[in-house]
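Student: Predicted structure and sequence below. I'll ask about it afterward.
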Amino acid sequence: MTDLSWKFFSQTGNIETYLLMKELESVYEDAPEQMNQDFIKLEDTHMQ
């Protein structure tokens, strides 16, 4: 998931976005598949 947080940062240039994604990675550490699904939903919403 590090790649996804970096992708968000590189597209937005917003350090808060990157830090938020890193925080979410640590929250979902025990459930990586759920994190992946939630990030995809977030990415779809954010990119519209």
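Tutor: Structure received. Numbers count the residues shown, from 1 in each chain.

Student: Quick one: mean pLDDT for the helix or strand harbouring Lys41?
Tutor: Counting by DSSP states H and E, the element that carries Lys41 is helix 32-46. Rounded to a whole number, the mean pLDDT of helix 32-46 is 73.

Student: Summarise which helices and strands it is packed against.
Tutor: Taking 3 or more CB pairs under 8 Å, 6 or more residues apart in numbering; DSSP states H and E as the contact definition, the neighbouring helices and strands of helix 32-46 are helix 2-12, helix 15-27. Just so you know, the C-beta spots here come from the backbone N, C-alpha and C atoms, and that holds for glycine as well.

Student: Switch those helices over to a markdown table; also include mean neighbour count and distance to Asp44.
Tutor: Rendered in a markdown table, the data for the helices and strands packed on helix 32-46 read as follows (neighbours: other CB atoms under 10 Å; distance: least, CB to CB, whole Å):
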| stretch | mean neighbour count | distance to Asp44 |
| --- | --- | --- |
| helix 2-12 | 14 | 12 |
| helix 15-27 | 13 | 15 |
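
Student: So which of those is nearest Phe39?
Tutor: When the helices and strands packed on helix 32-46 are ranked by distance to Phe39, counting by CB to CB, first place goes to helix 2-12 at 5.3 Å.

Student: quick one: the closest one to helix 32-46, angle?
Tutor: Taking axes from the mean of the first three to the mean of the last three CA atoms, to 10 degrees, one finds that helix 2-12 is oriented at 10 degrees with respect to helix 32-46.

Student: and the helix holding Lys41, C-alpha only, in PDB?
Tutor: Only the C-alpha atoms of helix 32-46 are listed here, as PDB (Å, rounded to 0.1, in the frame of the first residue of the first chain):
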ATOM      1  CA  PRO A  32      -4.600  -5.400   4.500                       C
ATOM      2  CA  GLU A  33      -7.300  -6.700   2.100                       C
ATOM      3  CA  GLN A  34      -9.900  -4.400   3.800                       C
ATOM      4  CA  MET A  35      -7.400  -1.500   3.500                       C
ATOM      5  CA  ASN A  36      -7.000  -2.200  -0.200                       C
ATOM      6  CA  GLN A  37     -10.700  -2.100  -0.800                       C
ATOM      7  CA  ASP A  38     -11.200   1.100   1.200                       C
ATOM      8  CA  PHE A  39      -8.300   2.800  -0.600                       C
ATOM      9  CA  ILE A  40      -9.800   1.900  -3.900                       C
ATOM     10  CA  LYS A  41     -13.100   3.400  -2.900                       C
ATOM     11  CA  LEU A  42     -11.300   6.500  -1.600                       C
ATOM     12  CA  GLU A  43      -9.300   6.800  -4.800                       C
ATOM     13  CA  ASP A  44     -12.400   6.500  -7.000                       C
ATOM     14  CA  THR A  45     -14.100   9.200  -5.000                       C
ATOM     15  CA  HIS A  46     -11.100  11.500  -4.900                       C
END
